[in-house]
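Engineer: fold the following and give me the result.
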Amino acid sequence: MGNYFLEKDIEVFYVQADSFPDGVLAAHQQLHRLIPYSDKRRYFGISSPDKTGTIIYKAAAEELTEQEAEKLGLKTFILKSGNYTSIVIKNYQKEITAIGKAFGILLSDPAIDPQGACVEWYLNDTDVQCMVRLIK
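Structural biologist: Model prediction:
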């Protein structure tokens, strides 16, 4: 576990999963059908509870051009700059439950932003950085 500083806000567009965790893969597949892969684009998973405690999951991609989300008919979300507590998982697909375990650890930090979200930043095909924004 370590800290990560996100220097600038990142505007993303997303496909919301029908359910969590069962709908996560389908949401990512739908997102990737809408946009071609680009190594210039960052990809994310964003989750947070709604008012009833149900986890809402968004498969997201960085917006590279103005109004890209609008042209695709997708909503946007801002990943806020600032300090994050973070865990990098290598070869996450070998043990997909490692993501949930990582967020369990990260969410135990008393300094997390109560208005923040759990962010999965897919660094490449094998590694993911799990992050939760801190209030500091």
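Engineer: drop to CA atoms for contacts and neighbour counts, all remaining ones
Structural biologist: Will do.
Engineer: what's across from residue 77 in the sheet?
Structural biologist: Counting by DSSP bridges, residue 77 forms beta bridges with residue 12.
Engineer: distance of it from residue 117?
Structural biologist: 11 Å (CA to CA, to the nearest Å).
Engineer: so between these two, which is more surrounded?
Structural biologist: Remark: of residue 77 and residue 117, residue 117 carries more neighbours, 21 against 16, as counted by other CA atoms under 10 Å.
Engineer: which ones are touching that one?
Structural biologist: Each residue near residue 117 by CA atoms under 8 Å, 6 or more residues apart in numbering is listed here: 46, 47, 48, 132, 133.
Engineer: pLDDT averaged over stretch 56-76, what's the number?
Structural biologist: Stretch 56-76 comes out with an average pLDDT of 95.
Engineer: give me the number of residues near residue 15?
Structural biologist: 24.
Engineer: from residue 121, how far out is residue 17?
Structural biologist: Taken as CA to CA, the span from residue 17 to residue 121 is 17 Å.
Engineer: shaky segments in this protein?
Structural biologist: Residues of the chain meeting the criterion pLDDT under 70: none.
Engineer: the same query, at a cut-off of 80, please.
Structural biologist: 136 (pLDDT under 80).
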